[in-house]
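*Asks:* Structure here, sequence nowhere to be found:
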């Protein structure tokens with residue numbers, strides 16, 4: 001089982017923080033209670049580190065996340081609102097049909113493709129879980145807070161990209 005306790009993900013070198021970054025959270029309407037906790041975790045990390053330019057767009061479900069990211073990028077890529085990173089937030093709960101498998105594959109493949117197509121990182125903050133208890137364990141429970149982890153990952157990826165530009 002993956003945990004952050006065996007990594008240095010939560011350690012942030014204050015010297016690399018991209019305080020001027022624009023970060024766009026793309027979240028789903030489905031499973032709003034859990035999604036809002038994921039977003040709150042992201043915003044908590046950003047506030048703690050002085051990141052103020054954070055926007056949220058809402059899409060109906062996880063399947064639509066990739067389109068939301070791509071459409072926002074295309075609309076803002078040459079403006080002062082150009083994002084430095086995206087964070088995809090969703091929750092896909094296993095049901096009684098293969099729908100879960102199709103949606104999980106589609107959203108995962110979509111985020112991978114965006115990371116290969118766009119010049120900015122797209123962070124995978126989508127929970128793919130068997131039940132609501134597993135989701136709850138990942139928004140401040142025994143498995144940490146995946147929203148906070150996604151925000152930290154976004155900051156580190158922005159800093160990494162900027163380090164290549166100097």
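*Replies:* Right, received. Where do you want to start? Every value quoted in this text rests on a predicted model; they were computed, and no experiment measured them.

*Asks:* what residue ranges in this structure are flagged as low confidence?
*Replies:* Flagging of the chain using pLDDT under 70 yields the residue ranges 1-10, 12-17.

*Asks:* Show the residue spans covered by the helices in it.
*Replies:* 32-48, 65-76, 99-117, 132-136, 146-164 (DSSP state H).

*Asks:* Which residues does the second one contact?
*Replies:* Think helix 65-76. Helix 65-76 is contacted from outside by 24, 26, 28, 57, 59, 82-83, 86, 88, 90, 106-107, 110-111, 113-114, 117-118, 120, 122, 126, using C-beta atoms under 8 Å, 6 or more residues apart in numbering. From N, CA and C alone the C-beta is placed, and that goes for glycine too.

*Asks:* So what's the gap between that helix and the chain middle?
*Replies:* For helix 65-76, the separation from the chain centroid amounts to 14 Å (computed by C-alpha atoms, centre = their mean, to the nearest Å).

*Asks:* related to what we said a few turns ago, tabulate the helices of the chain (TSV), appending distance to residue 18.
*Replies:* Shown next, in TSV, are the helices of the chain (distance: least, C-beta to C-beta, whole Å):
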stretch	distance to residue 18
helix 32-48	11
helix 65-76	17
helix 99-117	18
helix 132-136	30
helix 146-164	4
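
*Asks:* Adding distance to residue 20 and mean neighbour count as columns, could you present the ones you listed in a markdown table?
*Replies:* Converted to a markdown table, the helices of the chain look like this (distance: least, C-beta to C-beta, whole Å; neighbours: other C-beta atoms under 10 Å):
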| stretch | distance to residue 20 | mean neighbour count |
| --- | --- | --- |
| helix 32-48 | 12 | 19 |
| helix 65-76 | 16 | 18 |
| helix 99-117 | 22 | 15 |
| helix 132-136 | 33 | 16 |
| helix 146-164 | 10 | 20 |
